[in-house]
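A.B. asks: Structure for this input, please:
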Amino acid sequence: MDTIASLFSFITTPVSWVIVQFHKLYGAIFGDDTGWAWGLSIVSLVILIRICLIPLFVKQIKSTRNMQVLQPKMKAIQERYKNDKQRQSEEMMKLYKETGTNPLSSCLPILAQSPFFFALYHVLSAIASGKTIGVIDQPLLDSARKAHIFGAPLAAKFLDSEEKVQALGASLLDVRVVTAIMIVMMSASQFFTQRQLMTKNVDLTVKTPYMQQQKMLMYIFPVIFAVTGINFPVGVLVYWLTTNVWTMGQQMYVINRNPTPGSKAQDAYLGRVLKSVTAHGDVRGRTRRNTVKAIVAKGPDRNDIERKFITGLGKLGLAAQEDGTVAKSEAAVLEAEGGTPAKRQQPKRQTKAKRHTAASHSGAAKDSDSGGSEPKTSLEKQDAPQEDKPKSTGKPAASGSSRQAKSGQRKGPQRPKHPSKK
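C.D. replies: Down below sits the predicted model:
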């Protein structure tokens, strides 16, 4: 670790200078040799670094979301060119270029923090060894060696021997209790941060290997912190615990204000927006208006949560506009003016008996209408005088009624009856 830390020795002077400046401020309040003055100096250093890294954090969030969206396309490319690794890599790079995604962006905050972390570790190690470093001269070195946080010196470690701890003016039990509590808190904060990302801010409708990787990291990172934490000085544990808590709070803020589409966080966020619209009748806040504007622009490509939000606005008589605001729909305007919007009535389906009765009545009405007009041809034939009818020739007459097949009889010529049955 000392070899790695020495590689970042170029930044130890700026880090030590920042710590000394904060120590002057807090030393005037709590005392120069107190743990509060030195501990708060380290906390302030973390806050300053994390504020400078906010642009990188925003880029990390965007890159992580783009990677989640691209996972189905990446999987399709891998399956399509599974036998051609070179073509697969080319298609992946083409996809990254088209979407403006950088896979390494998710690691930028950690990489950017690494020089400060190792520089602080190098500074605290020098303090533990009684060596001046950077702008920390001998009087400041003596003051830092006297500083204790809940009985544990800033330069003490969990695995230090009792003689080394006594040389720093503390007991081994106090050092191990304080360091153990800080390591547990550090691991727990890391686990909660990763779990919050996995359970609330991930589109659960898309099952990809990326989600499995994030789930593995949720359990691996706390173990790494627990194993390596026993080798860190108390001052470094303060630094790492502070940065974990900052990351957790920063992520909670991002999830609540700008959640991933399709996630549980988006469902909760749009629920709050709908509740605010119900109370105030409008979308308040530029961030919320931009969210509604993006939902309107999606059109039919909205997910189920966004469609649920649009439906909720419709139940309130409102419709989302292209600029992110809401306005009353036509139905709501008519209702407000005292009118009722015309609703389209669907005809009721009649039963078979009713349809048969209606058809019978319709046929009877047609017969009654034709009663005053000229009689039908069949009636004319029946009313014709008997003289005009042809005489019988011994064969049955083929009248209109006999030509029609009666119910239960076969159509066509009938077999003549037996003479005995005449």
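
A.B. asks: So which residues of the stretch 151-300 of the chain form strands?
C.D. replies: Taking DSSP state E, counting those that start in this stretch as the test, the strands found in the stretch 151-300 of the chain are 152-153.

A.B. asks: Tell me, how many residues neighbour Val254?
C.D. replies: For Val254, the number of neighbouring residues by other CB atoms under 10 Å comes to 17. (Each C-beta comes from the backbone N, C-alpha and C, glycine too.)

A.B. asks: Work out for me the element the closest residue to it other than its chain neighbours sits within.
C.D. replies: Spatial nearest neighbour of Val254, excluding adjacent residues (CB to CB, 6 or more residues apart in numbering): Ile61 at 5.9 Å. Of the helices and strands defined by DSSP states H and E, Ile61 is found in helix 54-80.

A.B. asks: which element follows that helix toward the C-terminus?
C.D. replies: Proceeding N to C from helix 54-80, the next assigned helix or strand is helix 85-99, under DSSP H and E.

A.B. asks: quick one: buried residues of that next one?
C.D. replies: By neighbour count, with 16 or more other CB atoms under 10 Å as the criterion, the buried positions of helix 85-99 are Gln88, Glu91, Met92, Tyr96.

A.B. asks: so the next helix or strand after that helix versus helix 54-80, what angle?
C.D. replies: Moving toward the C-terminus from helix 85-99, the next helix or strand (DSSP H and E) is helix 108-129. The directions of helix 108-129 and helix 54-80 differ by 120 degrees, with axes from the mean of the first three to the mean of the last three CA atoms, to 10 degrees as the criterion.

A.B. asks: With just CA atoms, put helix 108-129 into CSV.
C.D. replies: In CSV, the C-alpha atoms belonging to helix 108-129 read as follows (Å, rounded to 0.1, in the frame of the first residue of the first chain):
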residue,chain,number,x,y,z
LEU,A,108,-14.9,8.2,-13.1
PRO,A,109,-15.8,9.4,-9.6
ILE,A,110,-13.9,6.5,-8.0
LEU,A,111,-10.9,7.0,-10.2
ALA,A,112,-10.9,10.7,-9.5
GLN,A,113,-11.0,10.1,-5.8
SER,A,114,-8.2,7.7,-5.8
PRO,A,115,-5.3,10.3,-5.8
PHE,A,116,-6.9,12.1,-2.8
PHE,A,117,-7.5,8.8,-0.9
PHE,A,118,-3.9,7.6,-1.3
ALA,A,119,-2.5,11.1,-0.6
LEU,A,120,-4.5,11.2,2.7
TYR,A,121,-3.4,7.7,3.6
HIS,A,122,0.2,8.7,3.0
VAL,A,123,-0.2,11.9,5.2
LEU,A,124,-1.8,9.9,8.1
SER,A,125,0.9,7.2,7.8
ALA,A,126,3.6,9.9,8.1
ILE,A,127,1.8,11.3,11.1
ALA,A,128,1.7,7.8,12.7
SER,A,129,5.5,7.4,12.0
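
A.B. asks: buried sites along it?
C.D. replies: If you call a residue buried by 16+ other CB under 10 Å, then helix 108-129 has these buried ones: 108-109, 113, 115-128.
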